[in-house]
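Novice: starting from these lines, generate the structure:
(one chain, ligands or ions: 2)
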Amino acid sequence: MDVQPIFPGKAAPFVIAGPCSAESREQVLEAARRLSLLPSVTAFRAGVWKPRTHPGGFEGHGEEALEWLRQAKAETGLPVATEVATASHVEACLRAGIDILWLGARTSGNPFAVQEIADALRGTDVAVLIKNPISPDLELWAGAIERIYGAGIRRIAAVHRGFSTFGGTSQYRNAPLWTIPLQLSVRYPELPVIHDPSHVGGRRDLIEPLARQALDTGFSGLIIESHCHPDEALSDAAQQITPERLGDILGNVIGRRSSQPTPHLEKLRAEIDAVDSELLDVLARRMAISRNIGEYKRNESMSVLQATRFNDLIADRCKRGSNLGLSDKFLRTVFNAIHDESVATQLRIIDNPSE
Ligand code: PEP
Ligand code: MN
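Specialist: Ligands and ions are numbered 1, 2, ... in the order given. This is a model prediction of the structure:
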């Protein structure tokens with residue numbers, strides 16, 4: 001992939017910051033001015049067409065707000081970015097001189113919409129960011145990137161904003177599933193991947209730890225929502241932070257970084273870290289089911305230990321695990337340990353009816 005820099009002459013990490021939505025001229029200009037005082041901020045963002053899950057929410061001011069972005073750029077010198085979802089959005093942005101367009105998560109999973117946008121982009125050299133689709137589907141994300149690249153766009157980057165998963169996740173608004181962006185960057189090593197801690201975390205207090213993890217992992221930059229009066233924001237209020245708070249966070253996560261890590265080893269280690277956090281989530285989910293089983297057995301006065309069930313389970317897991325290239329010894333150790341913990345959990349529930 002022949003990828004050209006989004007920000008020529010600027011070194012990573014890039015930081016794109018600004019409110020979730022452009023709400024008024026004054027709100028846009030105040031945010032842009034205050035953000036432009038932060039040396040690490042590379043570009044200003046604000047959504048003008050807002051895709052809302054339910055009707056009735058604030059859907060953005062549309063084309064008239066592009067003029068506010070243009071003005072923010074003229075005053076601060078920061079390149080400006082907004083979301084596009086249709087060919088007519090692209091045309092309006094090109095007319096207004098918007099520097100960076102992004103495809104949102106609800107668009108990048110729809111190949112018809114992505115192709116329509118790609119066709120509208122053909123022949124321009126505007127920069128384009130492609131957010132991961134809502135669903136945890138690497139191929140759909142890669143396909144959207146290929147369509148934009150196929151239209152001749154070379155200044156591109158991917159944005160990792162987390163994924164919707166069945167049943168949600170306890171901690172995050174959108175599950176990070178770090179292995180997916182890591183696999184994307186293994187497939188396209190030249191493609192910058194930017195992390196969006198605002199939409200992954202959905203909460204102000206998660207911005208810093210997520211941003212730090214992303215930079216430690218080797219991501220090329222961050223896109224972070226920042227609003228001068230976060231509690232009054234018309235969209236995504238819970239995850240927006242003031243420009244000054246953003247400045248503190250960037251000082252903490254970028255300021256302390258040493259310049260040259262060993263990229264390949266870092267990537268592989270990051271992949272291991274990501275798989276381990278998935279493993280931990282899976283183990284926690286399995287133990288939660290054991291607790292439900294314990295409660296059921298207690299209510300039905302059944303015994304905890306049911307040896308035939310365990311023997312069948314171990315035989316099945318060893319067979320399936322060995323088909324995946326895992327050793328019998330390893331599988332027995334792991335499943336015995338899991339089973340021991342599950343039995344202990346169930347016994348605790350039976351012995352402590354109040355739990
Ligand atoms: C946004 O960046 O404000 C946005 C709507 O993001 P996403 O498409 O990731 O939900
Ligand atoms: Mn948002």
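
Novice: what are the phi and psi values at the residue sitting furthest away from the middle of the chain?
Specialist: Distance from the C-alpha centroid of the chain, by Cα atoms, centre = their mean, peaks at S301 (45.2 Å). Recorded main-chain torsions at S301 are phi 50, psi 40, according to degrees, to the nearest 10.

Novice: residue ranges with poor pLDDT in this structure?
Specialist: 168-170, 256-262, 353-355 (pLDDT under 70).

Novice: would you mind listing what in it touches ligand 1?
Specialist: 20, 47, 51, 104-106, 131, 161, 199 (Cβ under 6 Å from any ligand atom). (Glycine included, C-beta is placed from N, CA and C.)

Novice: and those residues, which of them are buried?
Specialist: For these, a neighbour count by 16 or more other Cβ atoms under 10 Å gives the buried set as 20, 47, 104-106, 131, 161, 199.

Novice: how about the strands in the stretch 201-350 of the chain?
Specialist: Along the stretch 201-350 of the chain, counting by DSSP state E, counting those that start in this stretch, strands occupy 221-225.

Novice: need the residues of it near ligand 2, please.
Specialist: Within the stretch 201-350 of the chain, the residues that sit near ligand 2 (Cβ under 5 Å from the ion) are D236.

Novice: okay, helices next: where are they in the stretch 201-350 of the chain?
Specialist: Using DSSP state H, counting those that start in this stretch, the helices found in the stretch 201-350 of the chain span residues 204-217, 243-253, 263-299, 307-323, 328-351.

Novice: how about a markdown table for those, with mean neighbour count added?
Specialist: As requested, these are arranged in a markdown table below (neighbours: other Cβ atoms under 10 Å):
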| stretch | mean neighbour count |
| --- | --- |
| helix 204-217 | 19 |
| helix 243-253 | 18 |
| helix 263-299 | 14 |
| helix 307-323 | 12 |
| helix 328-351 | 14 |
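
Novice: for L138, find the nearest of those.
Specialist: Closest approach to L138 among these (Cβ to Cβ): helix 263-299, 12.9 Å.

Novice: and the closest one, what other elements does it pack with?
Specialist: Applying 3 or more Cβ pairs under 8 Å, 6 or more residues apart in numbering; DSSP states H and E, one finds that helix 263-299 contacts helix 179-187, helix 204-217, helix 328-351.

Novice: what residues of the first one count as buried?
Specialist: Applying a neighbour-count criterion of 16+ other Cβ under 10 Å, one finds 179-182, 184-185 buried in helix 179-187.

Novice: quick one: residues contacting the residue farthest from the centre of the chain.
Specialist: S301 makes contact with no residue, according to Cβ atoms under 8 Å, 6 or more residues apart in numbering.

Novice: L29 is nearest to which of the helices and strands packed on helix 263-299?
Specialist: Nearest of the helices and strands packed on helix 263-299 to L29, taken as Cβ to Cβ: helix 204-217 at 23.1 Å.

Novice: show residues contacting that closest one.
Specialist: Taking Cβ under 8 Å, 6+ apart as the rule, helix 204-217 contacts 13, 160, 171-172, 176, 178, 182, 195, 197-198, 200-201, 222, 224, 230, 238-241, 245, 249-250, 252-254, 257, 266, 270, 273-274.

Novice: angle of it against helix 263-299?
Specialist: For helix 204-217 against helix 263-299, the angle by axes from the mean of the first three to the mean of the last three Cα atoms, to 10 degrees is 130 degrees.

Novice: now helix 204-217 - C-alpha only, PDB.
Specialist: What follows is helix 204-217 as a C-alpha-only set of coordinates in PDB (Å, rounded to 0.1, in the frame of the first residue of the first chain):
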ATOM      1  CA  ARG A 204     -14.100  10.800  30.800                       C
ATOM      2  CA  ASP A 205     -12.100   8.800  33.200                       C
ATOM      3  CA  LEU A 206     -11.200   6.200  30.600                       C
ATOM      4  CA  ILE A 207      -9.700   8.600  28.100                       C
ATOM      5  CA  GLU A 208      -6.200   8.700  29.700                       C
ATOM      6  CA  PRO A 209      -5.700   4.900  30.300                       C
ATOM      7  CA  LEU A 210      -6.900   4.100  26.900                       C
ATOM      8  CA  ALA A 211      -4.800   6.800  25.200                       C
ATOM      9  CA  ARG A 212      -1.800   5.500  27.100                       C
ATOM     10  CA  GLN A 213      -2.400   1.900  26.100                       C
ATOM     11  CA  ALA A 214      -2.900   2.900  22.500                       C
ATOM     12  CA  LEU A 215       0.400   4.800  22.400                       C
ATOM     13  CA  ASP A 216       2.200   2.000  24.300                       C
ATOM     14  CA  THR A 217       0.900  -0.400  21.700                       C
END
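
Novice: count the residues that sit near Q27.
Specialist: 20 (other Cβ atoms under 10 Å).

Novice: so it sits in a helix?
Specialist: Yes. Q27 sits within a helix when classified using DSSP: H, G, I helix; E, B strand; the rest coil.

Novice: closest residue of this protein to ligand 1?
Specialist: Nearest residue of the chain to ligand 1, counting by Cβ to the nearest ligand atom: G104, 3.0 Å away.

Novice: thinking R45 is in contact with V15, fair?
Specialist: No. The pair R45 / V15 is not scored as a contact, 10.0 Å apart, by Cβ atoms under 8 Å.
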